[in-house]
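> Mind looking at a prediction? Sequence and model below.
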Amino acid sequence: MHERKDDFQERRKHLAGMTEEELEARFWSLADQLTEPLIDLARNNTTPSLERSVLLRMGFSSIEARAIVDQVLDHGLIGKGAGHVVYKVARETGKDIREAGLALGEGKLWETAAAAFGKGVAK
């Protein structure tokens with residue numbers, strides 16, 4: 001086994017003159033660069049399975065969640081997130097989350113959903 005060369009002092013030269021505040025700002029800038037692709041991936045990619053999982057955590061049964069996600073897919077709003085669609089429709093109509101979600105799963109309130117996201121009704 002060979003010994004690793006200690007080159008810490010050489011590698012830190014570009015940071016040596018920075019203040020604590022500048023180092024912290026650099027750290028957060030680098031952290032943002034690392035996490036931005038992950039955030040972008042999560043924001044722009046979803047699956048029916050993930051959307052059903054969200055709805056399950058909102059209190060819907062698996063059968064109810066599947067019906068809602070199927071309708072969200074049919075209406076072209078999957079990219080907005082099924083839970084987000086349910087939430088916005090509930091807010092727009094004054095219904096509670098469960099009532100709005102069940103109505104969406106039955107094919108109702110899609111004009112409200114489309115308007116809430118600035119889209120025409122698809123299907």
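Perfect, I can see it now.
> what's the spacing between residue 54 and residue 86?
Going from residue 54 to residue 86 by C-beta to C-beta, to the nearest Å gives 9 Å. No exception for glycine: its C-beta is placed from N, CA and C like everyone else's.
> neighbour-wise, which of these two wins?
residue 86 (29 against 18; other C-beta atoms under 10 Å).
> Point to the residue nearest the middle of the chain.
Central residue of the chain (C-alpha atoms, centre = their mean): residue 43, 4.5 Å from the mean position.
> distance of that residue from residue 21?
30 Å.
> what about the strands in the protein?
Read by DSSP state E, the chain holds no strands at all.
> Now do the contacts for the residue nearest to the centre of the chain.
Listed by C-beta atoms under 8 Å, 6 or more residues apart in numbering, residue 43 has no contact partners.
> Model confidence at it, what's the number?
Looking at residue 43, its pLDDT is 73.
> Same check on residue 83?
Per-residue pLDDT puts residue 83 at 96.
> That one touches residue 55, doesn't it?
Yes. Using C-beta atoms under 8 Å, residue 83 is in contact with residue 55, at 6.0 Å.
> higher neighbour count, those two?
Ranked by neighbour count (other C-beta under 10 Å), residue 83 and residue 55 place residue 55 first, with 27 against 22.
> Quick check, the more buried one in contact with residue 69.
Yes. With contact defined as C-beta under 8 Å, residue 55 and residue 69 form a contacting pair (6.9 Å).
> which neighbours do these two share?
The contact sets of residue 55 and residue 69 overlap at residue 82 (C-beta under 8 Å, 6+ apart).
> Stretch 19-36 - what's its average pLDDT?
Mean predicted lDDT for stretch 19-36 stands at 95.
> how about the helices in this protein?
Per DSSP state H, the chain carries helices over the ranges 8-11, 20-44, 48-57, 62-74, 82-93, 97-105, 110-116.
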